[in-house]
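Q: give me a 3D structure for the following:
(chains A, B, C and D, ligands or ions: 4)
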Amino acid sequence: MARRRYTQAINDALFEEMERDPKVIVFGEDVELAIFGDTRGLLERFGPDRIRNTPICEATLTGMAVGAAAAGYRVVLHMMFSNFLYTGFDAIANQMAKLRLMTGGQLELPITIMSGYGGGRSNAAQHSDTPHSLLMNLGGLNVAVPATPADAKGLLKTAIRGRNPTFFMEASGQGGTSGEVPEGEYTTPFGKAAVVREGRDLTIVAIGTMLRPALAAAKQLEEQGISAEVIDPRTLVPLDEDTILRSVAKTGRAVVVDEGRDRASAASHIAAILADKGFATLKAPVKRVTVPNVAMPYAPNAEARVFPSEEHIAKAALSITPVAA
Amino acid sequence: MARRRYTQAINDALFEEMERDPKVIVFGEDVELAIFGDTRGLLERFGPDRIRNTPICEATLTGMAVGAAAAGYRVVLHMMFSNFLYTGFDAIANQMAKLRLMTGGQLELPITIMSGYGGGRSNAAQHSDTPHSLLMNLGGLNVAVPATPADAKGLLKTAIRGRNPTFFMEASGQGGTSGEVPEGEYTTPFGKAAVVREGRDLTIVAIGTMLRPALAAAKQLEEQGISAEVIDPRTLVPLDEDTILRSVAKTGRAVVVDEGRDRASAASHIAAILADKGFATLKAPVKRVTVPNVAMPYAPNAEARVFPSEEHIAKAALSITPVAA
Amino acid sequence: MSQPTEVAGPTPAQALALYERMLLIRRMEEKLSADSAAGVLPGAVHLYIGQEAVAAGVCMQLKETDWITSTHRGHGHFLGKGGDPNAMMAEIWGKKTGICKGMGGSMHVADLTKGILGANGIVGGGLAISVGAAFGEKLSGAGHVAVCFFGDGASNQGVFMECLNVSTLWKLPLVFVCEHNHFSEFTRAEQVTAGNIVDRAKAFGIHTAVVDGNDVEAVWKATGDALARARRGEGPCFIEAETYRIQGHMEFEKELLAGGAYRNQQEIDSWVARDPIARWGGKLIESGVATPAKLEEISTRVAGAVADAVSFSERSEPADPELVFDLMFAGQRP
Amino acid sequence: MSQPTEVAGPTPAQALALYERMLLIRRMEEKLSADSAAGVLPGAVHLYIGQEAVAAGVCMQLKETDWITSTHRGHGHFLGKGGDPNAMMAEIWGKKTGICKGMGGSMHVADLTKGILGANGIVGGGLAISVGAAFGEKLSGAGHVAVCFFGDGASNQGVFMECLNVSTLWKLPLVFVCEHNHFSEFTRAEQVTAGNIVDRAKAFGIHTAVVDGNDVEAVWKATGDALARARRGEGPCFIEAETYRIQGHMEFEKELLAGGAYRNQQEIDSWVARDPIARWGGKLIESGVATPAKLEEISTRVAGAVADAVSFSERSEPADPELVFDLMFAGQRP
Ligand SMILES: Cc1ncc(C[n+]2csc(CCOP(=O)(O)OP(=O)(O)O)c2C)c(N)n1
Ligand SMILES: Cc1ncc(C[n+]2csc(CCOP(=O)(O)OP(=O)(O)O)c2C)c(N)n1
Ligand SMILES: [Mg+2]
Ligand SMILES: [Mg+2]
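A: Numbers count the residues shown, from 1 in each chain, chains lettered A, B, ... in the order given. Ligands and ions are numbered 1, 2, ... in the order given. This is a model prediction of the structure:
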């Protein structure tokens, strides 16, 4: 195990995969100097054919990813902030997510789209969105939401080696957080959730950036005699329903935590699965802790008001768990 | 009451609102000859200042709607097929849905965006999407989903007179279906669901195009001694949770029917609400009848395979309702 | 820009092949028009009748390994690039043997083995895809080129300018082919298109050509020049081909427009008089490349090919609905 | 195009007002730069230092009833168009008294009462909004104009071409102002921008002008001409102003780039030597419009305005978090 920062782990994965397969190429706006740090050093190592700054033209970049993939490349497209996915949304929703079916399976699209999501740093409404649920709904896209450096590296490698378009959602706010990363070569499979913390009384499903406050909330609850299990889905498409259902079958209670806006969110989808396949095992209402249906405000106190926190999570958990549990 | 086709009712609403308020303007691609029929005759009546064909440039059209609204107009933007919303998604998601908050409430956006959604006619993947849940998640947008000619007229009038951006989702497949429309002036309020059919044993929440198969399924169930209540939300944002919760409090069972793809759909959100606020009253799993997570195929038999039908709905209902109920 | 390549006209064999390819496109679509009128097609079709010289003149200059992206009006490009008529007909009929297994239909016919990246239902949707393909080919250095077909209406989509910018900067082997048929749906180009489309390309300093899109030889030559430049590594070129859509925007449009008209019969007739196939046939006879009998023979062969496509489709099973779940992802259920 | 309007240079009073407006923008941002370095600002700021002549030269030709759309680098446009320094400072500090009640911050400062449709965090995001505003003004016929500020980087967004097309077709009262400061973030314009941006506008046959963006009088005159044409109903004009961004793309960029460099100090110095404010001040003294004492007096007044803005912000309460729920919709809870 080595201690790496989230961004370093992503950078390591890019270096390793580009070394491993000459067909891996990276492009996007300002990927050369890399203000996020995730693509830093790739230009010096691999040269301008394999990593290149593009003009600002998201609508074209997402379409180019499709064409370059068709021409035999494994494309890594960096879209910077997830709000800019909207600018390039046409080719994402109308081409990338549909072309394989439309062509009767002829077209294979090994595309990885990286983009940072989430708020918490006063970046305001146009630089703080969490678009997971939009991508989930489009049908033909995988969605990876690594919460730790180890998963960031392992899931990115899986995405780059994969045969389908994958959105690799970077937790913008956590580029600097460190964690243990396995030495040597490894990948993290899609569709396998991680039981990050075992517990008996309730299940907290925490997506991406929400894992940290969820674990903190679990600690808080511990002190009140409540044993919370914390699950990190790691990928939303494919989604490891079994692990979530198994946990809730044990605890009978669930809180789903998601930095997306509440309406038609990833959280609502997981809650809906519990209300269907998990119904027989539920002992209490399924709670969602999400961003209310608002754009992210700028002022720190206003942002804090709507940002899902340890307190919100603990409160939701307590509302469905008898403290004597 | 007069019998009108769905498309005529929409056309009537446009005529009446443009007569009523000279600030109402309509623009979009090919709105003058109007292949859908919904904007037909407006050019002859109101002239090119108030209804106008635009070039094909969705990214600009959605942004223009914001600017024209800021300049004091009530904008009706016709986006033809809902897949083209993706082409114009940037200004929808980054501007329209956020500007009012971002400007501290300075900017009012009386914008109505019309677009046809849904499959069932072999239009294939790029002309059959049902993007309700994406729009719901963006936060600052109203979403109207009229299922009948009467509601199409009433909801469109409410949208045009409103103060916020509203997506008026036209049921492409049902432009020709007729229904009773009240004589004279009326509007249909947002956030008020319709109990279209009363029942005791289970609640079927059917969105837009799904009302028809839901009512047919309810008839089928009747014959098997099952009394189904059918609810049409009419608007997804704002959503009339109370009416849905009240119905399920009575029946204890729910099937949510939505033409959207299943993952993070409007159906999953309604199911999530039931799993939370409605949990105490639920007697059975909450079922979703939706399009599986695929793009719409072209061949009629393949499309039928994934399109939510009367049979799917009845089957889902039976799976949670003791026939002796 | 550099000096033009001297492009030879088509050899007699090529000239006849161009004629046969145009006629194949025409006859296939006449059949589809009849099927549509008879109401036996599952979905809508946007016909290419009148524009055949563009698809044939461009595509028959291409190698199988070159790429094309197409539009909602894509039958001509598909057949022009060597797509299989049987597989196309079966696709439009929604059969399992269709080139896309019946999952795509008329607006999405594609054949990657022939470099056909697909018709596209999104206006302008093919542009960026062709830039990506050209980028890939530039990187692999195999000398392959990408060609992007799009309409006058699509030239108003901003991606057109974005693609001009990227492909010029990166000197990509790409040829933009704008088919100016005077309409976007039911709107005249003048109402929605400011200035001359070719000037938008000129602004990037790339080589451009404006040709009579109903003159297959002119299209062929302009394409030959553009391809030579692209293969020489000089970057993208732009060709604007003026032509005309004889059929409606889509079959059945009269019913949908309920009497609304956007052009008059006189205008249509004036373009029918410039029919690219008849013109080319006449030229072949004049120049002695073909005899009337020879053209008759070609016409018979084409009729046979269409008949084969029809019976192939008729004999084919409907699409397999379960395939939907296998085809969304590679090696993964949706 | 029609002949240029003879545009008078600024009167002495206007000349001094231009100087004061530029200086106000500069001093306000110097304060923000210091605040950012001190880590007391909630969010990031993109500073306009070095480009003041563009905002001042354009905006001081506008009426309060004319519209502007701005960019992520919007403080200069906001103050240039007459936005309140107090309300801007308070906004960037996240205060309840901010022009957007603290909900927008630096990238979203807007004041509709002054025709300021807002800074925008989406590159190119203001373009279509300005077209819509110009369309509205064209319809109401009140003679108001819309001005769209955008950067060289934004000119690579396809919406730029789309907006040129629509505004030309509809003869909208719109002025495109492209501030070419040589960079998009950390990328040089040459790497991502093919040809000359002005040629993209020329392709639509509209009036264009390329001016020294560090010469406030040149900007003022070009704007006067463009506005006269727009108000005469001749449609849109395009102005490209060459200038340079002295500060980083955003404050703190050095820390973020971890030593990565994209330009050298020499280049920066060469542009500091062309500082638009110093140049204009010199010209005012030369031409006898102002004495050094007069400029000193202005400088003192500006310092006072900045001090007021700071103490106003300091005295102001933080934003009201509950307002978030009132402001998303008009008359409706989210
Ligand atoms: C993004 C998008 N917007 C609108 C449409 C609807 N539409 C289909 S074809 C068409 C006109 C296209 O005109 P042009 O590019 O000239 O091609 P043509 O039909 O003349 O061959 C339009 C507006 C679409 N399919 N995609
Ligand atoms: C749609 C979109 N893509 C990317 C970005 C990230 N970004 C912010 S500023 C910028 C560069 C803009 O360059 P330019 O338009 O020249 O303006 P300047 O910063 O030079 O004033 C980029 C790429 C963004 N904010 N929006
Ligand atoms: Mg056309
Ligand atoms: Mg710049």
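Q: hey, let's count contacts and neighbours off CA atoms from now on
A: Will do.
Q: so A:Val196, which state does it fall into?
A: Three-state call for A:Val196 (DSSP: H, G, I helix; E, B strand; the rest coil): strand.
Q: distance check, it against D:Leu62.
A: Per CA to CA, to the nearest Å, A:Val196 is found 60 Å from D:Leu62.
Q: list, one by one, the residues from chain C near chain B.
A: Within reach of chain B by CA under 8 Å from any CA of the partner chain, chain C has these residues: C:42-44, C:93-95, C:102-105, C:107, C:121-123, C:153-154, C:156-158, C:185-187, C:191-193, C:253, C:256-257, C:260-261, C:318-322, C:324-325, C:328, C:334.
Q: if we look at ligand 1, which of those residues are close to it?
A: Among the residues of chain C next to chain B, the ones lying near ligand 1 by CA under 6 Å from any ligand atom are C:121-123, C:153-154, C:185.
Q: I'd say C:His207 and C:Phe238 touch.
A: Yes - contact criterion CA atoms under 8 Å: C:His207 and C:Phe238 qualify, at 6.4 Å.
Q: residues touching A:Ser194, list them.
A: Rather than Ser, residue A:194 is Ala. With contact taken as CA atoms under 8 Å, 6 or more residues apart in numbering or on different chains, A:Ala194 is in contact with A:231-234.
Q: need the pLDDT of it.
A: A:Ala194 carries a pLDDT value of 98.
Q: bridged to it, which residues?
A: A:Asp232 (DSSP bridges).
Q: so how far is B:Glu185 from it?
A: Taken as CA to CA, the span from A:Ala194 to B:Glu185 is 58 Å.
Q: could you do A:Ile226 as well?
A: Counting by CA to CA - A:Ile226 and B:Glu185 are separated by 58 Å.
Q: more neighbours, those two?
A: A:Ile226 (22 against 9; other CA atoms under 10 Å in any protein chain shown).
Q: so what's C:Ser2 scoring on pLDDT?
A: pLDDT, C:Ser2: 53.
Q: list the contacts of A:Asn164.
A: So A:Asn164 contacts A:108-111, A:141-142, C:329-330 (CA under 8 Å, 6+ apart).
Q: nearest spatial neighbour of C:Gly102, skipping sequence neighbours?
A: Leaving aside its sequence neighbours, C:Gly102 sits nearest to C:Gly94 (CA to CA, 6 or more residues apart in numbering or on different chains; 4.3 Å).
Q: I figured the one you found hits C:Val40, correct?
A: No - contact between C:Gly94 and C:Val40 fails when scored by CA under 8 Å: they sit 10.7 Å apart.
Q: ok, the two, which is more surrounded?
A: When neighbours are counted by other CA under 10 Å, C:Gly94 and C:Val40 differ, and C:Gly94 comes out ahead with 34 against 11.
Q: quick one: contacts of whichever helix or strand A:Lys219 is part of?
A: Using DSSP states H and E, A:Lys219 sits in helix A:211-223. Outside helix A:211-223, the residues that touch it by CA under 8 Å, 6+ apart are A:147, A:197, A:204, A:206, A:227-230, A:232, A:257, A:309-311, A:313-314.
Q: derive a ChimeraX selection command for the buried subset of those.
A: Buried members of the contacts of helix A:211-223, defined by 16 or more other CA atoms under 10 Å in any protein chain shown, are picked up in ChimeraX with:
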select /A:147,204,206,227,228,229,230,232,257,309,310,313,314
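Q: select from the contacts of helix A:211-223 every entry located in helices.
A: The helices, defined by DSSP state H, take in A:310-311, A:313-314 from the contacts of helix A:211-223.
Q: turn those residues into CSV, including pLDDT and distance to ligand 1.
A: Shown next, in CSV, are the ones in helices among the contacts of helix A:211-223 (pLDDT from 0 to 100; distance: CA to the nearest ligand atom, whole Å):
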residue, pLDDT, distance to ligand 1
A:Glu310, 98, 43
A:Glu311, 98, 45
A:Ile313, 98, 42
A:Ala314, 98, 46
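Q: where do the helices sit along the chain?
A: Going with chain A. A:6-20, A:42-46, A:58-70, A:83-87, A:89-90, A:99-102, A:132-137, A:149-161, A:211-223, A:241-251, A:266-276, A:300-306, A:310-320.
Q: you answered for a different chain; I wanted chain C.
A: Using DSSP H, helices in chain C cover C:12-37, C:52-59, C:75-80, C:85-92, C:125-140, C:158-169, C:189-192, C:197-202, C:216-231, C:253-257, C:265-272, C:276-286, C:292-315, C:323-327.
Q: which two of the contacts of A:Asn164 have the greatest separation?
A: A:Glu108 and A:Asn142 (13.7 Å; CA to CA).
Q: so A:Ser82 touches A:Ala125, yeah?
A: No - counting by CA under 8 Å, A:Ser82 stays clear of A:Ala125, with 11.4 Å between them.
Q: which of those two has more neighbours?
A: Taking other CA under 10 Å, A:Ser82 and A:Ala125 do not tie; A:Ala125 has more neighbours (28 against 24).
Q: residues contacting the more buried one?
A: A:295-298, B:94, B:98, B:102, D:104.
Q: cool, and C:Gly104?
A: Neighbour list for C:Gly104: A:101-104, B:124-125, B:297-299, C:91 [criterion: CA under 8 Å, 6+ apart].
Q: for PyMOL, write the select line for the buried members of these.
A: In PyMOL, this line selects whichever of the contacts of C:Gly104 come out buried by 16+ other CA under 10 Å:
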select buried, (chain A and resi 101+102+103+104) or (chain B and resi 124+125+297+298+299) or (chain C and resi 91)
